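1. return atomic coordinates for the entry below.
(one chain, ligands or ions: 1)
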Amino acid sequence: MSHSTSLKMSKPVETSLLDSGAQGIIGQALTRTEGPLKVSGSATYAAEYDIDGLCYGVLVGSDFGRGKITKVDADSVRDIPGVIDVVTDFKNFARNPQQGGETKAPTQGVEDVHYFGEIIAIVLGESLEAARDAARRLVVEHEPAEGRFDFETLKHQKEKPSSGDTDPHFSQGDITQAMAEAPVFVDEIWTTPSQNSAAMELHASIARWNDDGSLDVWGSYQMPSSDKQQLAQALGVNKSKVRIVARYVGGGFGSKLGIAPEAIAAAIASRQLKRPVKCVMERFQVFDATVRRTNTEQRIRLGATKDGKLTAIGHDTVMSQLPDESFFEPTGVSTHFLYDAENRQINHDFVRMDQLLAGSMRAPGEAVGMLALENAMDELAEKLGLDPIELRRINEPEQDPEQDVPFSSRQLIRCLDEGAEKFGWDKRAAPGTVRDGEWLIGIGVAAAARSNTLKQSAARVSIDATGRATVETDMTDIGTGTYTILAQIAGELLGLPLDHVEVKLGDTDAPPGAGSGGSWGAASSGSSVYLACENLREQIARQMDVDPQAMTLKDGYVTADNRRVPLADLVGEGLSAEGEIAPGSQEKDTRQASFGAHFAEVGVNATTGEVRVRRMLGVFSAGRILNATTARSQYLGGMTFGIGAALTEELIHDPRNGKLVNHDLGEYHVPVNADVPQIEVIMLEERDVHANPLHAKGLGELGTCGAGAAIANAVYNACKVRVRDYPLTLDKIL
Ligand code: MOS
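-> Here you go, the predicted model:
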């Protein structure tokens, strides 16, 4: 009894079954189904599993920037009561294989250290305290080597990244000539610092080898199916031997897309010790040795006619990355499609540095690219004497400005216009002219845009003999609402109330899901659940001997031909089906992105230069909204990170050795409650038939793309100071 429906998105799906669903739970503002478990402390996170015979591993990182380990002196800690052993495997702990980077086979022994804090050993103890004490006291000897640590002195040694899905260098027309001829232009440099994802839950793994040579790992990961492959490759075992369980994940924001050093360290130590090992990274290690967002230096060139028509758009980014690593922050993604202009150049280049791996973090690309681009648009509008919304209207493209393809859907201007009205944009005054006591007040606007991705994803949906449904996939819920949304989709399509649908996530024994990343999670995994349910509906229709379109499923009953039959009476011993969605040519036949508009009001203290955000409004269009509450929460979180990007978040590397000097949440400032003002979110109705059968697009990261630029534009409007060096701390404003 193996039923399955798969769909490769090679043409639009014009009608969605969700439109005809009778249950009425799609799009509803429903709170999370697993919420009570989380707030009562009964949702089990990775580090909380109680495994028989568990011992504790604490990681040790290098305390120098570049060099060679000559000795790890395990004898220096063996006498500490409770210490079991010290395991070293430098090469493997070293690289966090984010984005599918190569993980080499395990080798014991002395290896190069590539950056400060790189993990070089794991100390095992009967208790966490013993292991931690020994980790602090472990004697490690090394030979230092020359390193590259200072971006400022290195930044002219540029290297083009190798081409992956997107070409790091793009050019169309002649930007140099167009800039030379432009009567009005902006040509400035923006800088953004290294940043950390700063997920609340620490990276954690428990590894246990079984007698049959298989490995169970309870971990905190965003993408179990690909993480399983990475882990298997790192350990030199077949991936069928590895099972990952990640039922609840306390945030990832990119830092848990790939496996982190603690997973490999725990697995290797567990294999060596022949007992389960738990390893939780310490907060400073999460900063030092998982992944960071790169710092950037971005040159934006905008050339325009006197009436505001863009003739040139240039966006050249230089970023830092470890030697041999291929991931580059695609800062220019939205620059490719946001505005019309004949002459275009979008380049991304590396500066090779001996610093922590740069990888994906919270809308990699747009999040920092739009800090610069949307600031530049504000500057250009001022030079033209145009309202910034008008400037965007004038340069709204009818189709993709670089390729001859339409947008799958695009409501940027509608978002800007609705936002302007709701926010009171017409009250915007000349820069530096509005004052409230000691505060200078300003408002700013920026576009939001985030490219849309569909990821291959599979799920199984079963209905048992009592008419209750179960959804299974190794997709994760990283705090985003997956449990709830998948229950809604299955409930809607099978005519079942939410409490009749159980969703089981985060176990690689289930069909491989999309994982959580790149804002593709809900749409991709939701589509696979949709397809499985479509298959089940066909099976049910056969039992009723009717056409699937002719029946209505609601409240556990199937109605057709004047018959109303309990679902349970039609499923016999039970029904099951798998659904699988895969990207197809639709992604190339259309330009797919979600859009929006950010509005911000800030106060700048006239004496101290302190910036306080007073209110924000985001208006977004991202296809069908599956759950108004979880969608809104995603937007609120994204906009909050916009505050961080604009005002507070900045990793500081010591230019002598690359050490992160503010590697904790006390010194690395993510916005806290007191920093977050009134935030409003408006979601515009939309369907995207090109995206997937749900007609929904990604939105998790949309809220952060452009948000920081709106704040920076508001700062200028408040105090007439342009700061192009993020974050906009008071020392730069004064
Ligand atoms: Mo996201 S930065 O792709 O988790």
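2. CA atoms for contacts and neighbours, from now on please.
-> Will do.
3. residue 547 versus the residue of the chain positioned farthest from its centre, what's the distance?
-> Going by Cα atoms, centre = their mean, the residue of the chain most distant from its centre is residue 562, 48.2 Å out. Using Cα to Cα, to the nearest Å, residue 562 is found at 14 Å from residue 547.
4. which positions in this structure make contact with the ligand?
-> 253, 254, 257, 360, 361, 362, 363, 364, 517, 518 (Cα under 6 Å from any ligand atom).
5. the fifth one against residue 194, yeah?
-> No. The pair residue 361 and residue 194 does not pass the contact test of Cα atoms under 8 Å, sitting 10.4 Å apart.
6. which neighbours do those two have in common?
-> Common contacts of residue 361 and residue 194 (Cα atoms under 8 Å, 6 or more residues apart in numbering): 292, 293.
7. and these two? Which one has more around it.
-> residue 361 (26 against 18; other Cα atoms under 10 Å).
8. just the element for the closest residue to that one other than its chain neighbours, please.
-> Leaving aside its chain neighbours, residue 361 sits nearest to residue 254 (4.4 Å; criterion: Cα to Cα, 6 or more residues apart in numbering). Residue 254 is part of no helix or strand, with elements assigned from DSSP states H and E.
9. surely residue 254 and residue 292 touch.
-> No. In terms of Cα under 8 Å, residue 254 does not count as a neighbour of residue 292; the distance is 9.1 Å.
10. overlap in contacts, these two.
-> 197, 359, 360, 361.
11. pull the most distant pair out of those.
-> Pairwise distances across these peak at 10.1 Å for 197 and 359 (criterion: Cα to Cα).
12. need the residues touching each of those two.
-> 254, 255, 292, 293.
13. can I get the residues you listed in a markdown table including neighbour count and pLDDT?
-> As requested, those are exported to a markdown table (neighbours: other Cα atoms under 10 Å; pLDDT from 0 to 100):
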| residue | neighbour count | pLDDT |
| --- | --- | --- |
| 254 | 27 | 97 |
| 255 | 29 | 97 |
| 292 | 25 | 97 |
| 293 | 29 | 98 |
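14. still on that earlier bit, just put the shared contacts of residue 254 and residue 292 in a markdown table and tack on secondary structure.
-> Listed next are the shared contacts of residue 254 and residue 292 as a markdown table, based on DSSP: H, G, I helix; E, B strand; the rest coil:
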| residue | secondary structure |
| --- | --- |
| 197 | coil |
| 359 | coil |
| 360 | coil |
| 361 | coil |
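15. got a winner among those for most neighbours?
-> residue 360 (28 neighbours).
16. thought it was touching residue 330?
-> No. With contacts counted by Cα under 8 Å, residue 360 stays clear of residue 330, the gap being 9.7 Å.
17. from residue 154, how far out is residue 655?
-> For residue 655, the distance to residue 154 - Cα to Cα - is 11 Å.
18. so what's residue 172 up against?
-> Residue 172 sits next to 342, 343, 344, 345, 402 when contact means Cα under 8 Å, 6+ apart.
19. surely residue 598 forms part of a strand?
-> Yes. Remark: residue 598 belongs to a strand, assigned using three-state DSSP.
20. which residues are in contact with it?
-> 416, 419, 445-448, 616-619, 706-707, 710.
21. at 6 Å instead, please
-> 445, 446, 617, 618, 707 (Cα atoms under 6 Å, 6 or more residues apart in numbering).
22. any stretches of the stretch 1-150 of the chain with poor pLDDT?
-> For the stretch 1-150 of the chain, applying pLDDT under 70 flags the ranges 1, 90-110.
23. neighbours of residue 156, how many?
-> If you count neighbours by other Cα under 10 Å, residue 156 ends up with 11.
24. ok, now residue 213?
-> 11.
25. state the distance from residue 233 to residue 264.
-> 10 Å.
26. which of the two has more neighbours?
-> Between residue 233 and residue 264, counting by other Cα under 10 Å, residue 264 is the more crowded of the two (25 against 17).
27. ok so residue 176 is a helix residue?
-> Yes. Per three-state DSSP, residue 176 lies within a helix segment.
28. measure the one residue in the stretch 151-300 of the chain that gets nearest to the ligand to residue 68 for me?
-> Nearest residue of the stretch 151-300 of the chain to the ligand: residue 254, at 3.2 Å (Cα to the nearest ligand atom). Noted for residue 254: a distance of 30 Å to residue 68, by Cα to Cα.
29. and for residue 686?
-> In terms of Cα to Cα, residue 686 sits 56 Å off from residue 68.
30. ok, residue 404 next?
-> In terms of Cα to Cα, residue 404 sits 52 Å off from residue 68.
31. who has more neighbours, those two?
-> Between residue 404 and residue 68, counting by other Cα under 10 Å, residue 68 is the more crowded of the two (18 against 11).
32. just checking, what packs against the helix or strand encompassing that one?
-> Using DSSP H and E, residue 68 sits within strand 67-73. Contact here means 3 or more Cα pairs under 6 Å, 6 or more residues apart in numbering; DSSP states H and E; on that basis strand 67-73 packs against strand 112-113, strand 139-144.
33. any chance you could list what contacts it?
-> 110, 111, 112, 113, 139, 140, 141, 142, 143, 144, 145.
34. please enumerate the strands of the stretch 601-734 of the chain.
-> 611-621, 678-683 (DSSP state E, counting those that start in this stretch).
35. now the longest one and strand 678-683, what's the angle there?
-> Just to be clear, that refers to strand 611-621. 10 degrees (axes from the mean of the first three to the mean of the last three Cα atoms, to 10 degrees).
36. and the closest residue to the ligand within the stretch 551-700 of the chain, what does it touch?
-> Per Cα to the nearest ligand atom, residue 700 is where the stretch 551-700 of the chain lies closest to the ligand, at 8.8 Å. Residues counted as contacts of residue 700 (Cα under 6 Å, 6+ apart) are 519, 634.
37. give me the pLDDT for it.
-> Looking at residue 700, its pLDDT is 95.
38. now swap in residue 704 and tell me
-> 98.
39. once you drop chain neighbours, what's closest to it?
-> residue 638 is the one closest to residue 704 (Cα to Cα, 6+ apart), at 4.1 Å.
40. report how many residues lie close to the one you found.
-> 24.
41. just checking, it touches residue 703?
-> Yes. Using Cα atoms under 6 Å, residue 638 is in contact with residue 703, at 4.3 Å.
42. what's the overlap in contacts for those two?
-> Joint contacts of residue 638 and residue 703 (Cα under 6 Å, 6+ apart) do not exist.
43. show me which residues of the strand or helix carrying residue 7 are buried.
-> Taking DSSP H and E as the definition, residue 7 sits inside strand 4-9. Going by neighbour count (16 or more other Cα atoms under 10 Å), the buried part of strand 4-9 is 4, 5, 6, 7, 9.
44. in a markdown table, list these along with distance to residue 337.
-> Output for those, formatted as a markdown table (distance: Cα to Cα, whole Å):
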| residue | distance to residue 337 |
| --- | --- |
| 4 | 37 |
| 5 | 34 |
| 6 | 31 |
| 7 | 28 |
| 9 | 22 |
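45. gap between residue 402 and residue 344?
-> For residue 402 relative to residue 344 (Cα to Cα), the value is 9 Å.
46. the two: which has the busier surroundings?
-> residue 344 (25 against 16).
47. wasn't that one part of a strand?
-> Yes. Counting by three-state DSSP, residue 344 falls inside a strand.
48. mind pulling up the pLDDT for it?
-> pLDDT recorded at residue 344 is 98.
49. which regions of the chain sit below the pLDDT cut-off?
-> Using pLDDT under 70, the chain drops low at 1, 90-110.
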